[in-house]
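Asks: Sequence plus the predicted model coming up.
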Amino acid sequence: MKSLRVKTQSEYEVTITDSLAAFTEKVSLLIKGDLVAVITDSNVDGIYKNEIENSLTGKKVIKFVVPAGEESKNVENYLKILNGLADNGFTREDTVITFGGGVVGDLGAFVASTYMRGIKLIAVPTTLLSMVDSSVGGKTAINLEKGKNLCGTFYQPSAVYINTGFLKTLPKKEVLCGLGEILKYRFISKDAKIDISKIDEDLIYKCLKIKADIVSKDEKESGKRKLLNFGHTFGHAIEKLSHFTIPHGICVAKGIVYALKISEKYFGTSEKVRKDYILTAENLGIDVSCEYDLNELISLISIDKKRSGKGADFVLIDDKFRPEIVNILLSEIKGYIL
Ligand SMILES: NC(=O)c1ccc[n+]([C@@H]2O[C@H](COP(=O)([O-])OP(=O)(O)OC[C@H]3O[C@@H](n4cnc5c(N)ncnc54)[C@H](O)[C@@H]3O)[C@@H](O)[C@H]2O)c1
Ligand SMILES: [Zn+2]
C-alpha cells in the first residue's frame with residue numbers, strides 16, 4: 001500500500017492499494033453522517049454491484065447509476081442527482097462517493113461541490129486514466145451543448161482511494177487511454193523515471209506524486225499547473241474534430257507529437273525525442289498519427305480555453321528536456337509545424 005498527501009488548501013490523502021479492506025477501514029473513519037450517495041455508471045455497477053455498499057456497514061446508501069459514457073456528464077444528470085440528494089434528505093454531514101472513471105468522477109464531484117455549497121466527497125476511481133489523473137487535483141465538470149467541461153468548479157475531495165484490483169476488468173482500449181496521460185507525465189517530470197512496462201501501484205504513485213506536487217503549488221491553474229496540459233492544446237482540438245469519437249487519452253498522445261514538433265523549431269529540441277516517443281507509443285499499441293487538416297485544428301485551438309490574447313498556451317520541451325509554458329501567436333503555430 002502506498003499513500004500520498006495532496007497539499008491543497010484543504011489537504012487530503014490518496015491511498016493506492018490492491019485491497020478493499022483498506023478502503024473500508026479508511027473510509028469508515030471519514031464518513032460522519034448516516035447517508036452516503038454512491039455515484040457510478042452502468043458498466044461499473046454491472047461488474048461491482050455492491051462492492052462499495054457492502055463496505056459501508058451501518059450507513060444508508062443511495063445509489064445513482066448513470067449510463068456509461070461521456071454523454072452522461074450532462075446538466076440533466078447533474079440536476080437529477082442533486083434533486084435525488086435533496087429528496088433523500090442529504091445534509092452537509094453526509095457524503096458523496098464517486099465510483100467509476102473520469103466521467104462519473106467529474107460529474108459526481110461537481111454535484112458534491114455545489115450541493116448545499118459543498119458536501120464531503122470521496123473519490124474511488126476505477127479506470128487507469130482516473131487513477132493517474134482525474135481523481136486528484138479538484139477539477140470538476142459537466143459538458144454543455146456548446147462544449148466539453150464548460151461548466152465546473154475547483155473542489156478537492158476529502159480522500160481518494162485507488163484500488164488497482166479494479167483494473168483487472170478494464171478493457172484494453174481504456175488502459176491505452178490512461179497510458180496517454182502517463183506518457184505526458186514522463187515528459188513533464190523526467191526525474192520521476194516513470195517505467196511504463198508494468199501498470200502497478202508504483203506507476204500510479206509516481207504519476208500522482210507529480211500531479212499532487214504541481215497542484216499543491218497552483219491549485220487554480222494560474223501558472224505551473226498548466227504543465228499538466230502537455231499534449232492537450234492539440235489534443236483537445238483533435239478530440240473536438242473527431243466529435244469525441246477518439247478518447248481523451250489517445251488525443252493527448254497524438255497531441256504530444258505536435259507539442260514535440262513545435263519544440264523542435266521553438267527550442268531546437270532534437271527530432272530524436274519525437275521519433276523515440278512515437279516508437280514508444282506505437283509499441284504500447286497507441287496510434288499517434290493524425291489525419292486531420294492542420295488549419296482546422298488551429299482554428300479549433302483559437303476557440304479553446306487554452307487560448308489567451310492572440311495566442312495559445314503550449315507546453316513545450318526545451319533542448320535540455322525541461323518543460324516550458326509558451327504562448328504562441330495563433331498565426332504562427334503553423335510555421336512551427338510545417
Ligand atoms: N477532472 C480532471 O482533472 C480530468 C482529467 C482528465 C480527464 N477528465 C475527464 O475524464 C473523462 C474520461 O475518463 P475515463 O477515461 O475514465 O472515462 P470513463 O469514465 O468514461 O470510463 C471509460 C469506460 O470504462 C468503463 N469502466 C470504468 N471502470 C471500469 C472497470 N474497472 N472495469 C471495466 N470497465 C470500467 C466505464 O464504464 C466507461 O465505459 C472525460 O470526461 C475527461 O474530460 C477529467
Ligand atoms: Zn487530460
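Replies: Looks like it arrived, so ask away. Ligands and ions are numbered 1, 2, ... in the order given.
Asks: Helix, strand, or coil at V326?
Replies: Look at V326: counting by DSSP: H, G, I helix; E, B strand; the rest coil, its state is strand.
Asks: List the residues that contact it.
Replies: Applying CB atoms under 8 Å, 6 or more residues apart in numbering, we find V326 in contact with Y266, D313, F314, V315, L316. (Each C-beta comes from the backbone N, C-alpha and C, glycine too.)
Asks: Those residues: which two are farthest apart?
Replies: Within these, Y266 and D313 form the most distant pair, 13.0 Å apart (CB to CB).
Asks: So what does the residue nearest to L56 when sequence neighbours are not counted have for phi and psi?
Replies: Residue nearest to L56 in three dimensions, not counting chain neighbours: V36, with 5.6 Å by CB to CB, 6 or more residues apart in numbering. Note on V36: its backbone torsions stand at phi -130, psi 130 [degrees, to the nearest 10].
Asks: V36 contacts T57, doesn't it?
Replies: No. The pair V36 / T57 is not scored as a contact, 11.1 Å apart, by CB atoms under 8 Å.
Asks: neighbour count winner among those two?
Replies: Just comparing V36 and T57: by other CB atoms under 10 Å the higher neighbour count belongs to V36, 22 against 8.
Asks: who's in contact with the more buried one?
Replies: Here V36 is in contact with L56, K59, K60, V61, I62, D94, T95, V96, I97 (criterion: CB under 8 Å, 6+ apart).
Asks: show me what contacts Y205?
Replies: K2, L4, I16.
Asks: how many other residues sit next to the second one?
Replies: When neighbours are defined as other CB under 10 Å, L4 has 18 of them.
Asks: one step back: what's across from the residue nearest to L56 in the sheet?
Replies: V61, T95 (DSSP bridges).
Asks: Distance check, it against I328.
Replies: 47 Å (CB to CB, to the nearest Å).
Asks: R5 too?
Replies: 36 Å.
Asks: neighbour count winner among those two?
Replies: I328 (19 against 11).
Asks: from the contacts of V326, which single one is nearest ligand 1?
Replies: Minimum distance to ligand 1 across the contacts of V326 is 15.0 Å, recorded for V315 (CB to the nearest ligand atom).
Asks: so that closest one makes contact with R322?
Replies: No. Applying CB under 8 Å, one finds V315 not in contact with R322, separated by 10.7 Å.
Asks: okay, now D94: neighbour count?
Replies: The local packing of D94 (other CB under 10 Å) involves 23 other residues.
Asks: Next one, pLDDT for it please.
Replies: Per-residue confidence (pLDDT) for D94: 97.
Asks: can you tell me how far it sits from ligand 1?
Replies: Distance, D94 to ligand 1, by CB to the nearest ligand atom, to the nearest Å: 23 Å.
Asks: likewise V96?
Replies: Counting by CB to the nearest ligand atom, the gap from V96 to ligand 1 is 15 Å.
Asks: Provide a list of residues in contact with that residue.
Replies: V96 neighbours (CB under 8 Å, 6+ apart): V36, A37, I39, L85, G108, V111, A112, Y115, I119, K120, L121, I122.
Asks: what's the closest of those to ligand 1?
Replies: Checking the contacts of V96 one by one against ligand 1 (CB to the nearest ligand atom), the nearest turns out to be G108, at 10.6 Å.
Asks: What is the burial count for that closest one?
Replies: Neighbour number of G108 under other CB under 10 Å is 31.
Asks: Return the per-residue confidence for it.
Replies: At G108, pLDDT is 98.
Asks: Thought V44 was touching it, still the case?
Replies: No. The criterion here is CB under 8 Å, and G108 misses it with V44 at 11.8 Å.
Asks: Need the residues touching each of the two.
Replies: With CB under 8 Å, 6+ apart, G108 and V44 have common neighbours G100.
Asks: Ramachandran angles for D218?
Replies: phi -150, psi 80.
Asks: again with the one 10 residues further on
Replies: With angles defined as degrees, to the nearest 10, L228 sits at phi -70, psi -10.
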